[in-house]
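Novice: kindly return the folded structure for what I paste below:
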Amino acid sequence: LKWHLIGHLQTNKAKHAVEHFDLIHSVDSEHLLKAVDKAAENLGKVQNILLQVNVAGEESKFGMEVDAFPEIIEMAKGLSHVRVQGLMCIAPDYENVEDVRPVFRIARALYEHMQTKFPAGQIQYLSMGMTHDFEIAIEEGANMVRVGTAIFGPRNY
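Specialist: Next up is the predicted model:
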C-alpha cells in the first residue's frame, strides 16, 4: 500500500504526516514546505509531495498564490528531504461545471512549467478534479483525481 494525504495539513502536524504518508498532496505554503523538509530530515527520509496552488484565488481554499509559485519552486529545488512530484489544485465548485475549465488550464500550464524546472521525470502528477468535475479535469490534463464523494457519498457537516 501507498498512503496519500490529500487534505489540508497544518504545520504542527507535519512530523506525523511525514511518518505515515508516502505522498503529501497539500503542501500549500513556504512555511509548510520547510516544516515537511525538516521532519523528513529528522526521520532520515525524502518525502514525496505535491505543491498545492490556489489557482482561482479563492479565500475559502488553501494553496499558495500563483504569483508566489515560481519562488517556492526555486526554494523547493534546494531542499534535500522533499521531492516535489507535481501540482495539486482544487477548482471552485461552480454551478456550471464547464466554468472550471479555465482554472484547470492554468493549473496545467503551471504543471508544464514545473516540468522544465526539475529533473526529467520527477514532476509526474497533476492532481486536479473531484467527483463533480473530474471529467473536465482529465480532459485538461489531470492524471490524478480525487473522487471520495463518488465512493463514500457526501459528507455530513
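
Novice: check which helices and strands the longest helix that the chain contains sits against.
Specialist: Assignment by DSSP state H gives helix 101-117 as the longest helix of the chain. When contacts are defined as 3 or more Cβ pairs under 8 Å, 6 or more residues apart in numbering; DSSP states H and E, helix 101-117 packs onto helix 69-77, strand 82-89, strand 125-130, helix 134-139. Heads up, the C-betas are built off the backbone N, CA and C, glycines and all.

Novice: quick one, which of those gets closest to residue 157.
Specialist: Counting by Cβ to Cβ, residue 157 lies closest to strand 125-130 out of those; the figure is 15.9 Å.

Novice: so where's the protein uncertain?
Specialist: Scanning the chain for pLDDT under 70 picks out 57.

Novice: which residues does the residue most central in space within it bridge with?
Specialist: Geometric centre of the chain, nearest residue: residue 88, 2.8 Å, by Cα atoms, centre = their mean. Per DSSP bridges, residues listed as beta-bridge partners of residue 88: residue 52, residue 127.
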